[in-house]
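Q: Okay, here's the prediction I keep looking at, along with the sequence it came from:
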Amino acid sequence: MRVLVFGAGAIGSVAGGMLARAGHDVVLIGRAPHMSAIRREGLHITGIWGEHRVTNLACYTSLDEMPGGRAAGVVDLILVTVKSYDTAEAARTVKQLVRKGTLVLSLQNGYGNVETLEKIIGQEEVLGGRVIFGVELVEPGSVHVTVYAEEVLIGSRLGLVELDRLLAIARAFTSAGIPTKPTQKISQHIWGKLLYNAALNPLGTILRRTYGELAANAHTRELMDCVISETFAVASATGIELLWKEPEEFRNLFYEKLVPPTAAHYPSMMRDIELGRRTEIDALNGAVVRLARDAHVVAPVNLALTNQVKFLEDPTGEHHWTR
């Protein structure tokens, strides 16, 4: 395949790097320091999936830098790995590369990314992905795979992409060392990831604790239980189908199977705060709050966590985010 990764930070670099190592033709679009380091010395991948140095990656900071620019040749698969607040801009940019047969796969956190891509690019071209492994950008040119809980899941939200095409992409990722499976319930799985992130990320960021520490403490565990219960209530009120009928069913999975493999992990949201960057809280707990208000139900714990993270983002209330 010819693959383009748009927004090649931690997750995008690992996905693109592993695919390139397996022989695929991969282009990374990312921030200048990271792209420059990869051009000089290759991409250094370390962690639980082994140590690799990938030197066959094409790296640019924009589509205009590519040979042929925005009219470059056919791209089979575009991976969108930008932060959720940049999804609309990314969609408008990569749309120019979408040809007959091109698929666009969101490997992002939060609610609304797939829908945004569909609206701008087209429902028949867009896939959703559920990623539940962790990666840190150690320094420009170097990424570290920290944790892995379950396979990447990919699928068409509306069932408009043939199963054979999903299987081909899943096989390519799996052969490259990233276990991946197709699913006909990608929206429900994305909501499962939202439940996981909404329960862990803001608390881990505010308290500067690992996922395991949060799950082990009765006080934070009660808060996470409330986040999960509120999200289930909002889903029910808005007609969103989840994979679990009751909050307790998800909580059992969450504490027994999902948290243990990621127990030593700190949320990437905390890193965003440390670097003075905008977080994805609006696509996580903030999305639950918006849906709750639209449905005239309450989600007070999600609201409290959203507002506390927003304070950490911008303590003075004077910053106007442009990215």
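A: All right, it came through fine.

Q: contacts and neighbour counts: CA atoms only from here.
A: Noted.

Q: and stretch 252-266, which residues are buried?
A: Phe254, Leu258, Val259, Pro260, Pro261, Thr262, Ala263, His265, Tyr266 (16 or more other CA atoms under 10 Å).

Q: per-domain residue ranges of the protein.
A: For the chain, the structural domains run 2-184, 188-313, going by automatic domain parsing.

Q: Make a markdown table from the buried residues of stretch 252-266 and add distance to Ala58 to it.
A: Putting the buried residues of stretch 252-266 into a markdown table (distance: CA to CA, whole Å) gives the following:
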| residue | distance to Ala58 |
| --- | --- |
| Phe254 | 38 |
| Leu258 | 35 |
| Val259 | 36 |
| Pro260 | 36 |
| Pro261 | 33 |
| Thr262 | 32 |
| Ala263 | 35 |
| His265 | 30 |
| Tyr266 | 31 |
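
Q: all helices of the protein, in order?
A: Secondary structure of the chain, counting by DSSP state H: helices at 10-21, 32-41, 87-94, 113-121, 163-175, 186-207, 211-216, 218-238, 247-253, 268-274, 285-294, 300-313.

Q: and the third one, what other elements does it pack with?
A: With contacts taken as 3 or more CA pairs under 8 Å, 6 or more residues apart in numbering; DSSP states H and E, helix 87-94 sits against strand 77-80, helix 113-121.

Q: Point out the most buried one among those.
A: Ranked by mean neighbour count, the helices and strands packed on helix 87-94 are led by strand 77-80 with a mean of 24 (mean count of other CA atoms under 10 Å).

Q: ok, now how distant is the residue lying farthest from the centre of the chain from Ile121?
A: Most distant from the centre of the chain: Gly68, at 29.1 Å, with distances by CA atoms, centre = their mean. Using CA to CA, to the nearest Å, Gly68 is found at 21 Å from Ile121.

Q: again, but for Leu97
A: In this view, Leu97 and Ile121 are 10 Å apart by CA to CA.

Q: what about the stretch 1-150 of the chain, any weak spots by pLDDT?
A: Scanning the stretch 1-150 of the chain for pLDDT under 70 picks out 69-73.

Q: now do 90
A: Applying pLDDT under 90 to the stretch 1-150 of the chain flags the ranges 67-74, 132-134, 146-150.

Q: next one: the stretch 151-300 of the chain
A: For the stretch 151-300 of the chain (pLDDT under 90), the answer is 261-262, 264-265, 268.

Q: So which bits of stretch 284-294 are buried?
A: Leu284, Asn285, Gly286, Ala287, Val288, Val289, Arg290, Leu291, Ala292.

Q: For Cys59, which residues are in contact?
A: Going by CA atoms under 8 Å, 6 or more residues apart in numbering, Cys59 touches Val27, Leu28, Ile29, Gly30, Met35, Ser36, Ile38, Arg39.
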